[in-house]
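*Asks:* just a sequence and a predicted model for now, questions to come.
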Amino acid sequence: MEFDKLMKIVLIEDSATDVKKFIECQQRRQDFVLEITDDSNEAIEFVKNKLPDAVIVDLELNWGRGSGTDFLRELNELHLPLRPIIVVNTRNRSDMVQAQIHEEFRIEHMYSKEKDDYSADKIISDLFCLRQWRYKQQAGRPDFRNIDTPEELEKRLRARIRAEMDEFGITPKYKGYKIAEESIYRLIQKKKLGEPEKVFNDIAKDEGKNYTSIHGRLEEAIKRVWCKPHNIERLSKVYTAHVCSENGIPTPTEFIHFYADKILDDM
C-alpha cells in the first residue's frame, strides 16, 4: 500500500452542519477525498463502483433517504475484494443498540455525536491510523485486492466504467456509449497484461466494422458532451487530464487512457 495516495472516503450524512465540518477538514488536510451522500442506496453504489478505503455513516439519517442500518445491511451482502473501514456515527447512547450494531454488522468503530470530543478531525485522524494498521495486517498477501472470480471482476470493472461515463456525461443514448465502455474495459485488460494498445482495431474486427467507424462514434460522443457550455465547469473537475489535441477536446485515445489509468490506480 502506498500511503502517500489520497484516502478515498464515502460520507453518508444528512446534517449540513456535520457535512460542512468534514469538508473543512478535507480542505485543511488535503490528503483524502470525499464522496458525500444522504442516500443509503446511493452510498452502496459508491462503494461498489469506487471501492473506497473507508465509509463514515450516520446511523439515523433522519432527513436523508434510507438509514445507516439499511446501508450496513446491504454492505454485508456485497462481495467486495476488500471491505472498507466502516465508522458509524450516532446520537443514540444506548449500549444495547451499539452492541447490536457491533454483532449484526461487524462494526468495530462507533462515535457518539453527543460526546464533547466528537469531531470530524478526530474521525479522519483515526481512519488514517486504521488504514495503515489494516494494510499491515495484509502483509504477505500481495494479491489480497484481487480475489474476485474473473466474472465478478469483469462485472465490477464494467459497473465502474459505466459510473465514470455517467459522471462524464456519456449516457446510453449516445451511439458511442458502448464503444466507450468496451474500449476502456479492453484497455484495462491490456495494461494489466502489459500488451500494446490496439483496442479500436480489435473492437472494429469483432463488430465487423472499420476502425474509422468505431473511433468516430466515440469521438462524436466526447465532442457532444464537451461542447455544451453548461458542462465546462463540471468537466474540469471530472476529466483532469491535460488535453493535447489542437481543438481542446480529448481524443478517443486520450479519453480511454485517462479512464483506464484512473480505474487501474483504484484497484
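*Replies:* Now that the structure is in, tell me what you want to look at.
*Asks:* please, where are all the helices along this protein?
*Replies:* Per DSSP state H, the chain carries helices over the ranges 16-29, 40-50, 68-75, 95-105, 120-137, 150-168, 177-193, 199-207, 211-226, 232-238, 252-266.
*Asks:* can you list these in a markdown table and add mean pLDDT?
*Replies:* Below are those laid out as a markdown table (pLDDT from 0 to 100):
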| stretch | mean pLDDT |
| --- | --- |
| helix 16-29 | 94 |
| helix 40-50 | 88 |
| helix 68-75 | 90 |
| helix 95-105 | 74 |
| helix 120-137 | 82 |
| helix 150-168 | 84 |
| helix 177-193 | 91 |
| helix 199-207 | 93 |
| helix 211-226 | 93 |
| helix 232-238 | 84 |
| helix 252-266 | 89 |
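*Asks:* from Leu59, how far out is Lys93?
*Replies:* For the record, residue 93 is Arg, not Lys. According to CB to CB, to the nearest Å, Arg93 and Leu59 sit 12 Å apart. Quick note: C-beta positions are derived from backbone N, CA and C, even for glycine.
*Asks:* contact partners for the most centrally placed residue in the chain?
*Replies:* By CA atoms, centre = their mean, the chain has its centre lying nearest to Lys50, at 1.8 Å. Contact partners of Lys50, counting by CB atoms under 8 Å, 6 or more residues apart in numbering, are Lys8, Val10, Glu35, Arg160, Ala163, Asp266.
*Asks:* buried subset of these?
*Replies:* Listed as buried from the contacts of Lys50 are Lys8, Val10, Glu35, Arg160, Ala163; burial here means 16 or more other CB atoms under 10 Å.
*Asks:* buried residues of stretch 13-24, list them for me.
*Replies:* By neighbour count on 16+ other CB under 10 Å, the buried set for stretch 13-24 is Glu13, Asp14, Ser15, Asp18, Val19, Lys21, Phe22.
*Asks:* and the nearest residue to the first one once chain neighbours are set aside, how far is that from Thr90?
*Replies:* Nearest-residue entry for Glu13: Asp58, 4.7 Å, with adjacent residues in sequence omitted and distances by CB to CB, 6 or more residues apart in numbering. Look at Asp58 and Thr90: by CB to CB, they are 7 Å apart.
*Asks:* Ile107 too?
*Replies:* For Ile107, the distance to Thr90 (CB to CB) stands at 10 Å.
*Asks:* please apply the same query to Ile56.
*Replies:* With the distance defined as CB to CB, Ile56 ends up 12 Å from Thr90.
*Asks:* swap in Leu153?
*Replies:* For Leu153, the distance to Thr90 equals 35 Å [CB to CB].
*Asks:* of those two, which one has the most company?
*Replies:* Taking neighbours as other CB atoms under 10 Å, Leu153 and Thr90 compare with Thr90 leading, 19 against 15.
*Asks:* now do the nearest residue to that one once chain neighbours are set aside: how many residues are near it, please.
*Replies:* Computed as CB to CB, 6+ apart, the closest residue to Thr90 that is not its neighbour in sequence is Leu59, at 4.0 Å. With neighbours defined by other CB under 10 Å, the count for Leu59 comes to 21.
*Asks:* look up how far Ser67 lies from Leu59.
*Replies:* With CB to CB as the criterion, Leu59 and Ser67 are 7 Å apart.
*Asks:* got it, and His102?
*Replies:* 17 Å.
*Asks:* can you check Arg158 too?
*Replies:* Taken as CB to CB, the span from Arg158 to Ser67 is 29 Å.
*Asks:* who has more neighbours, the two?
*Replies:* Higher neighbour count among Arg158 and Ser67: Ser67, with 18 against 14, using other CB under 10 Å.
*Asks:* which ones are touching the more buried one?
*Replies:* Ser40, Leu59, Glu60, Leu61.
*Asks:* again, 6 Å this time
*Replies:* Residues in contact with Ser67 (CB atoms under 6 Å, 6 or more residues apart in numbering) are Leu61.
*Asks:* give me phi/psi at it?
*Replies:* Dihedral angles phi and psi of Ser67 (degrees, to the nearest 10) take the values phi -150, psi 170.
*Asks:* right, I'll leave it there.
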